[in-house]
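K.L.:
okay, sequence plus prediction incoming.
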Amino acid sequence: MFKFFRRLIKKIIKKSFPYLVMKFQEIGEIKQLTEKTRNLTDDNKNIIGDVRQLTGEIKNITEETRSLTDDNRNIIGDVRQLTGEIKNITENTKQSIGDIRNITEETRSLTDDNRNIIGDVRKLTEENRGLSEENRNSIRELKQSFGLLTDSDFQITKLKRMLSKVEYYQPAYMIGGINLVPQRECKDRCRIIEKSLNNNVVGLRILDIGSSLGYICYYFADRGAVTEGWESNPKNAEVAKLIGQINGISANFKTKELYLETLDDIHIGKFDVVIILSVLHHIIHYKGLQYVQEIIKNLIENVPILFVELALKNEDETLFWNEAQPENELAIFDLIKDEIIIKKIGEFSTHLSLKQRPLYKISKKKNNIIINGKLYLYDKKTYFAYNDSELPYINPELGRNYYFSEKYIIKEYFLNAFDDNLKQITTEISNMLFLNNISKIKTTKLIDFEISNNRAVVILARDDGDLISDILGKEEIDPEKVAKDVLEFLSVLEEKNYHHNDIRSWNILWNGKNAQVIDYGLMSPIVKDDDIISLLNVLNTIQMKFKESSVYGIKTFPPKNNFVNPCLLRLYEIIEKGERSPKKLLECL
């Protein structure tokens with residue numbers, strides 16, 4: 001029985017065990033869920049506490065909100081009031097918009113008018129563009145005119161203003177537009193003086209005493225003289241200087257009066273001519289006749305030629321200086337009357353009376369210079385070595401004089417004026433002594449020379465012929481013969497190991513048949529200037545009939561196409577290849 005129950009229990013357990021296991025598992029899960037629920041309950045309790053706390057805060061916020069609601073009610077009232085005002089403003093704005101619409105309509109009509117105006121403006125602009133181009137051209141022309149006016153017309157305005165403050169005694173030389181009448185004309189006296197100087201004043205040093213507004217100085221400076229004016233009135237001197245700035249002619253003016261003391265500035269050799277026009281009668285009035293006689297004596301001792309215009313006694317008895325004048329105006333020359341030649345060259349009217357004043361040329365009975373105790377007479381004196389020489393214009397104070405007669409030429413160099421003078425003239429003397437002993441070629445003969453502390457003088461025989469530079473375009477010159485004669489001269493120098501160093505058209509004489517080289521002041525064993533290239537330039541000068549450049553040391557060949565003569569062209573090409581021996585070049589001719 002027991003076994004039966006045991007088996008029965010085993011069967012029951014065997015059948016019920018899975019169910020019991022499942023139930024036990026569910027009970028375990030329930031326990032776990034119960035534990036979790038307990039944990040959740042604790043959390044809920046905490047949440048409920050937080051909710052209760054939040055509920056209290058909400059109550060506080062609600063109270064505050066109630067107070068804010070009262071404030072909002074007040075604000076809403078204010079907003080309603082503002083809304084009413086805004087409605088009123090809106091009504092006014094609508095009315096303004098209506099006005100604006102009306103204005104806009106009016107503006108549209110005005111805009112149409114403006115469009116028309118703009119169209120007109122555009123048309124005018126196009127027209128103005130054309131005018132602007134014309135204006136630009138006009139402005140360019142004006143600028144060019146102003147460029148000219150700057151140095152002339154504007155100065156003429158200044159000149160007119162200055163002339164209103166001085167005595168307009170002379171015309172303003174070579175200046176128009178003054179519209180004033182001078183008290184005296186000057187051209188007539190200048191022309192008669194120029195004629196008495198053989199119509200050639202080039203190189204002459206001329207002093208005009210009482211130069212006034214400078215007409216005399218400018219007249220002769222314009223013709224190649226070197227002029228200086230003495231004027232007692234400083235305002236006149238300033239006007240004279242301004243005239244020179246306008247006419248572009250160079251002349252020197254000094255504010256200086258004519259007294260015996262001021263004549264110390266006029267030493268021998270400084271001036272070739274002194275002009276004194278209608279000045280001496282004033283000095284006679286203030287200083288006396290004897291004083292003026294001393295002035296004339298002093299002047300003629302230092303200056304070869306004087307031109308003097310003299311006022312006459314009683315040409316107008318009311319003039320303040322009339323009583324002091326001598327009965328014979330020539331009395332001013334009494335101290336030297338046996339030493340001079342007095343020649344009346346004209347009579348000229350004045351602004352003071354109807355009588356004319358005589359103009360005299362005063363010269364020594366013969367121009368002379370003493371060298372080594374000998375008296376040498378000459379016909380002309382200048383400090384130009386040849387016509388159109390540029391040297392005096394480059395350096396007027398060079399300190400050289402040239403005296404010309406039919407038989408000889410005298411060169412006078414002042415040694416304190418220019419350092420190169422002593423070197424050049426002594427070199428020339430030495431070279432001439434050397435050349436005079438060579439019979440193969442024709443050279444200038446040395447007649448005499450003198451060297452002192454302050455000057456060196458050499459006297460040369462005057463050779464037959466004229467300088468090529470002086471007869472260009474006037475006489476026929478054979479360039480092939482010139483080339484042959486010059487190369488013969490240079491070949492002789494080559495034998496002596498010398499070079500001329502200054503082959504120029506103004507250093508070669510032509511007598512119609514032969515050429516002769518002169519001027520030996522730069523001749524040296526040292527090459528300083530290419531004689532052969534210089535000869536080509538002389539030949540070009542002869543063919544083209546204009547003087548070559550005076551630039552020293554030039555190495556430029558003249559244009560080859562100017563050498564149309566076959567013989568000269570062959571010579572040119574040989575030189576072009578580098579040949580410089582005069583002897584070899586002579587064999588090619």
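P.N.:
Perfect, thanks for sending it. Numbering: from 1, shown residues only.
K.L.:
quick one: the helices in this protein?
P.N.:
With DSSP state H as the criterion, the chain has helices at 2-151, 153-163, 187-196, 215-221, 234-247, 280-287, 289-302, 391-394, 419-435, 468-471, 479-495, 531-544, 566-576, 582-588.
K.L.:
by mean pLDDT, show me the worst of those helices.
P.N.:
Lowest mean pLDDT within the helices of the chain: helix 391-394, a mean of 48.
K.L.:
stretch 426-444: end-to-end distance?
P.N.:
Taking CA to CA, to the nearest Å as the measure, stretch 426-444 stretches 16 Å from start to finish.
K.L.:
go through it and flag the buried ones.
P.N.:
By neighbour count on 16 or more other CB atoms under 10 Å, the buried set for stretch 426-444 is T426, E428, I429, N431, M432, L435, K442, T443, T444. Bear in mind the C-beta positions are built from the backbone N, C-alpha and C, glycine included.
K.L.:
so how far is I438 from the closest residue to the third one other than its chain neighbours?
P.N.:
Distances taken as CB to CB, 6 or more residues apart in numbering put F449 closest to I429, at 5.2 Å, once the chain neighbours are dropped. Note on F449: its distance to I438, by CB to CB, to the nearest Å, is 19 Å.
K.L.:
what's the answer for T262, then?
P.N.:
Per CB to CB, T262 is found 52 Å from I438.
K.L.:
check N199 too.
P.N.:
Distance, N199 to I438, by CB to CB: 40 Å.
K.L.:
isn't L207 right next to V274, touching?
P.N.:
Yes - the pair L207 / V274 is scored as a contact, 4.8 Å apart, by CB atoms under 8 Å.
K.L.:
show me which pair in the buried residues of stretch 426-444 is furthest apart.
P.N.:
Maximum pairwise distance in the buried residues of stretch 426-444, criterion CB to CB, is 23.4 Å, between T426 and K442.
K.L.:
now do the contacts for the closest residue to F320 other than its chain neighbours.
P.N.:
In space, and not counting its chain neighbours, F320 is closest to H285: 7.3 Å by CB to CB, 6+ apart. H285 sits next to F320, W321, A324, Q325 when contact means CB atoms under 8 Å, 6 or more residues apart in numbering.
K.L.:
I'd like to know which of the residues you listed are buried.
P.N.:
By neighbour count, with 16+ other CB under 10 Å, these hold A324, Q325 as buried.
K.L.:
got the contacts of H285 as CSV, with distance to N314 columns?
P.N.:
Converted to CSV, these look like this (distance: CB to CB, whole Å):
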residue, distance to N314
F320, 14
W321, 12
A324, 12
Q325, 8
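K.L.:
now the contacts of H285 in JSON lines, with distance to Q183 and pLDDT?
P.N.:
Shown next, in JSON lines, are those (distance: CB to CB, whole Å; pLDDT from 0 to 100):
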{"residue": "F320", "distance to Q183": "17", "pLDDT": "96"}
{"residue": "W321", "distance to Q183": "17", "pLDDT": "96"}
{"residue": "A324", "distance to Q183": "22", "pLDDT": "97"}
{"residue": "Q325", "distance to Q183": "20", "pLDDT": "97"}
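K.L.:
thought P479 was touching C567?
P.N.:
No - counting by CB under 8 Å, P479 sits too far from C567 to count as a contact (9.3 Å).
K.L.:
who's more crowded, those two?
P.N.:
P479 (19 against 14; other CB atoms under 10 Å).
K.L.:
got the contact list for D188?
P.N.:
Contacts for D188 (CB under 8 Å, 6+ apart) come out as G346, F348.
K.L.:
could you work out the most separated pair of the contacts of H285?
P.N.:
Farthest apart among the contacts of H285 by CB to CB are F320 and Q325. That separation is 11.2 Å.
K.L.:
how close does F404 sit to Y378?
P.N.:
6 Å.
K.L.:
overlap of the contact sets of these two?
P.N.:
Taking CB under 8 Å, 6+ apart as the contact criterion, the common neighbours of F404 and Y378 are I410.
K.L.:
pick out whichever of the two has more residues nearby.
P.N.:
The neighbour count for F404 versus Y378, taken as other CB under 10 Å, is higher for Y378 (18 against 13).
K.L.:
would you map out the domains in this protein?
P.N.:
Split into domains by automatic domain parsing, the chain comes to 14-127, 186-365, 380-461, 466-588.
K.L.:
redo those as CSV? Include distance to K160.
P.N.:
Listed next are these as CSV, based on distance: least, CB to CB, whole Å:
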stretch, distance to K160
domain 14-127, 41
domain 186-365, 10
domain 380-461, 31
domain 466-588, 41
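K.L.:
quick one, which of these gets closest to N179.
P.N.:
domain 186-365 (15.3 Å).
K.L.:
can you get me a residue count around Q81?
P.N.:
10.
K.L.:
and D379, by the same measure?
P.N.:
Around D379 there are 11 residues (other CB under 10 Å).
K.L.:
hmm, it is touching F404, no?
P.N.:
Yes - at 6.0 Å, D379 counts as touching F404 under the criterion of CB under 8 Å.
K.L.:
give me the common contacts of the two.
P.N.:
Here D379 and F404 have no joint contacts, going by CB under 8 Å, 6+ apart.
K.L.:
got the contact list for P358?
P.N.:
Going by CB under 8 Å, 6+ apart, P358 touches E309, L310, L312, E329, K344, G346, E347.
K.L.:
pLDDT wise, what is it at?
P.N.:
We have a pLDDT of 97 for P358.
K.L.:
what bridges to it?
P.N.:
E347 (DSSP bridges).
K.L.:
tell me how far it lies from I216.
P.N.:
As for P358, its distance to I216 is 17 Å (criterion: CB to CB).
K.L.:
ditto for I246
P.N.:
To I216, I246 is 17 Å away according to CB to CB.
K.L.:
over to N562?
P.N.:
Applying CB to CB, the value for N562 to I216 is 43 Å.
K.L.:
check A311 too.
P.N.:
17 Å.
K.L.:
export stretch 245-259 as PDB, just CAs?
P.N.:
What follows is stretch 245-259 as a C-alpha-only set of coordinates in PDB (Å, rounded to 0.1, in the frame of the first residue of the first chain):
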ATOM      1  CA  GLN A 245      66.500 141.600 -72.900                       C
ATOM      2  CA  ILE A 246      63.600 142.100 -75.400                       C
ATOM      3  CA  ASN A 247      65.600 142.400 -78.700                       C
ATOM      4  CA  GLY A 248      68.100 139.700 -77.700                       C
ATOM      5  CA  ILE A 249      71.200 141.800 -78.600                       C
ATOM      6  CA  SER A 250      74.100 141.700 -76.300                       C
ATOM      7  CA  ALA A 251      75.600 145.100 -75.000                       C
ATOM      8  CA  ASN A 252      77.100 146.200 -71.700                       C
ATOM      9  CA  PHE A 253      75.800 149.200 -69.900                       C
ATOM     10  CA  LYS A 254      77.300 151.000 -66.900                       C
ATOM     11  CA  THR A 255      76.100 153.900 -64.900                       C
ATOM     12  CA  LYS A 256      79.100 156.200 -65.300                       C
ATOM     13  CA  GLU A 257      79.800 159.800 -66.100                       C
ATOM     14  CA  LEU A 258      82.600 161.300 -68.300                       C
ATOM     15  CA  TYR A 259      85.300 162.800 -66.100                       C
END
